[in-house]
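Visitor: Pasting the sequence and the predicted model now:
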Amino acid sequence: MIIWGSVGKDKRIGTGQFHCPTCRVQTQYAYQRVSRYFTLYFIPLFPTETLGEYLRCLGCKGHFKPFIREMSAEQVEALVSPWPCGNCGNRNAAEQAYCVSCGARKGYVAPQPRAAEQVSPWSCGNCSNRNAAEQAYCLSCGARKDYVAPQPSAAEEETVAVPLP
């Protein structure tokens, strides 16, 4: 009886230095290749296919995609540092694609209001309360900044209220 099969094996194909995203310092790495080997009686004889490659930090033993070795320390730090939301200012974890507070996409930049809107307060169209320029809703009645009160019709203007005796 012949016993044959396959097994995956890691092989070091290089070493070098990179800025580790976990250690956050310049450190040594091992460049690893994972290959499937043909086995005969459980002995790996030759590689049949390459399954992938990765970098292994020799400090923290973390595994990373090979492109990380081409990045500068500043680029790596930008990838792993929390990011501020451009819409609400909330600080989010680096792996979040959307703000956990307001749902804005990472990298979103809120549109800048026109200069006149930045400095001048606005009057509510519903209750006439004066609000700060950055307020989107009236602090008194909750109406939107762009709310316009409906104008009474001509028939409504002619109606006069008469007190009851």
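Guide: The structure has been received and is ready for your questions. Numbering: from 1, shown residues only.
Visitor: those strands in this protein, which residues are they?
Guide: Ranges of strands in the chain, per DSSP state E, are 4-19, 26-40, 43-57, 63-64, 83-84, 91-92, 122-123, 130-131.
Visitor: so which of those comes closest to K106?
Guide: strand 83-84 (6.0 Å; C-beta to C-beta). In this view, the C-beta of every residue, glycine as well, is placed from N, C-alpha and C.
Visitor: centroid residue for this protein?
Guide: A97 (2.8 Å; C-alpha atoms, centre = their mean).
Visitor: shouldn't that residue be in contact with K106?
Guide: Yes - counting by C-beta atoms under 8 Å, A97 touches K106, with 5.4 Å between them.
Visitor: how close does G59 sit to F46?
Guide: Per C-beta to C-beta, to the nearest Å, G59 is found 33 Å from F46.
Visitor: Settle it for me: which of these two has more neighbours?
Guide: It is G59, of G59 and F46, that has more neighbours when counted by other C-beta atoms under 10 Å, with 13 against 9.
Visitor: which residues does that one contact?
Guide: Contact analysis of G59 by C-beta atoms under 8 Å, 6 or more residues apart in numbering lists C20, C23, V25, T27, Q28.
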